[in-house]
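In: Got a sequence here, can you build the structure:
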Amino acid sequence: MKVIALVVSVVSSASAWPVTPADVAKLGKELTAAGAEKDGSKDGQIPAFGGESKPAGSWTFGKSREDFWKYKDEKPLYVIDASNVDKYADKLTPGQIEMIKQVKGYTMPVYPSHRECGIPQNVADNTKEGALKSS
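Out: Numbering: from 1, shown residues only. Now for the predicted structure:
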């Protein structure tokens with residue numbers, strides 16, 4: 001069993017996507033500091049990266065962030081339930097579909113998508129350094 005685990009480990013690490021210095025140079029430019037694409041999808045369903053996310057107002061550590069979230073008053077675009085789940089089946093996993101169909105009253109509100117995230121500068125720096133070392 002240990003031999004199989006070792007073989008799987010070696011094969012999977014050998015087939016990992018190589019990171020080039022050109023890829024690393026894109027971090028913080030066309031890629032986010034964590035390596036995600038900044039551009040949104042062509043069909044507009046996934047928005048472009050919006051930058052760092054910070055709680056609004058006078059939030060401080062120890063307070064609930066949800067009370068200071070800038071999207072807290074947003075309303076769902078639509079709600080998926082047992083009556084309309086088939087309409088959205090191509091966007092859901094089989095498990096989600098079954099949950100909606102089998103659990104009475106279960107709903108799935110769908111909100112607009114926002115792509116925001118902030119990471120500390122040392123994490124961004126270490127991401128870049130780690131990517132360079134892995135290539």
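In: Can you tell me the element Pro109 falls in?
Out: strand 108-110 (DSSP states H and E).
In: how distant is that strand from the center of its chain?
Out: Computed by Cα atoms, centre = their mean, to the nearest Å, the separation of strand 108-110 from the middle of its chain amounts to 17 Å.
In: Tell me which other helices or strands that strand touches.
Out: strand 78-80 (3 or more Cβ pairs under 8 Å, 6 or more residues apart in numbering; DSSP states H and E). All C-beta spots, glycine's among them, are computed from the backbone N, C-alpha and C.
In: in the following helix or strand past the strand it packs on, what counts as buried?
Out: Once strand 78-80 ends, the next helix or strand along the chain (criterion: DSSP H and E) is helix 94-102. Neighbour-count burial for helix 94-102 flags Gln96, Ile97, Ile100 (criterion: 16 or more other Cβ atoms under 10 Å).
In: average pLDDT for stretch 53-64?
Out: On average, the pLDDT along stretch 53-64 is 77.
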